[in-house]
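> structure of the sequence below:
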Amino acid sequence: QVQLVESGGGLVQAGDSRRLSCLASGRTFNDYSMGWFRQGPGKEREFVAAISWSSSSTRYTDSVKGRFTISRDNAKNTVYLQMNSLKPEDTGMYYCAASRMVVSTFPPSYDYWGQGTQVTVSA
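Presented below is the predicted three-dimensional model:
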């Protein structure tokens with residue numbers, strides 16, 4: 001079992017930056033690739049970014065490439081999402097998730113999910 005707790009959300013203005021964190025506890029953090037997903041108002045949950053256990057592989061959805069960076073610190077059992085140049089369309093609940101599979105954009109590939117942290121970007 002893996003417990004995931006996100007933090008760092010809040011209300012920001014367009015163009016601002018924000019860093020989300022996800023602290024994992026339970027089973028060995030290094031065993032899992034990690035992902036960030038988001039769900040905007042009235043929208044389905046969508047993939048944002050993912051990172052392999054060794055940080056050697058990362059993936060991003062097209063809309064955040066060049067603006068968001070996913071990283072992890074295995075010594076701290078934490079994965080981060082650095083978000084720059086935020087836009088109103090980035091608004092949503094951001095979830096981190098852990099997967100025993102290789103880096104995936106597919107939500108069913110993920111075994112454990114956090115409760116989410118809300119990011120609201122005002123125009």
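> work out which residue lies at the spatial centre of the protein.
In the chain, the C-alpha nearest the mean C-alpha coordinate belongs to residue 36, at 2.3 Å (C-alpha atoms, centre = their mean).
> list the contacts for the closest residue to that one other than its chain neighbours?
Nearest non-adjacent residue to residue 36, counting by C-beta to C-beta, 6 or more residues apart in numbering: residue 48, 4.4 Å away. C-beta here means a position set from N, CA and C on the backbone, and glycine is covered the same way. Contact analysis of residue 48 by C-beta atoms under 8 Å, 6 or more residues apart in numbering lists 35-38, 60-61, 64, 68, 81, 94.
> could you do residue 73 as well?
79-80.
> same question for residue 110.
35, 97-99, 104.
> same question for residue 14.
86-88, 121-123.
> residue 11 contacts residue 120, correct?
Yes - at 4.8 Å, residue 11 and residue 120 qualify as touching, with contact defined as C-beta atoms under 8 Å.
> these two: who's more crowded?
Neighbours were tallied for residue 11 and for residue 120 using other C-beta atoms under 10 Å; the higher tally belongs to residue 120 (16 against 12).
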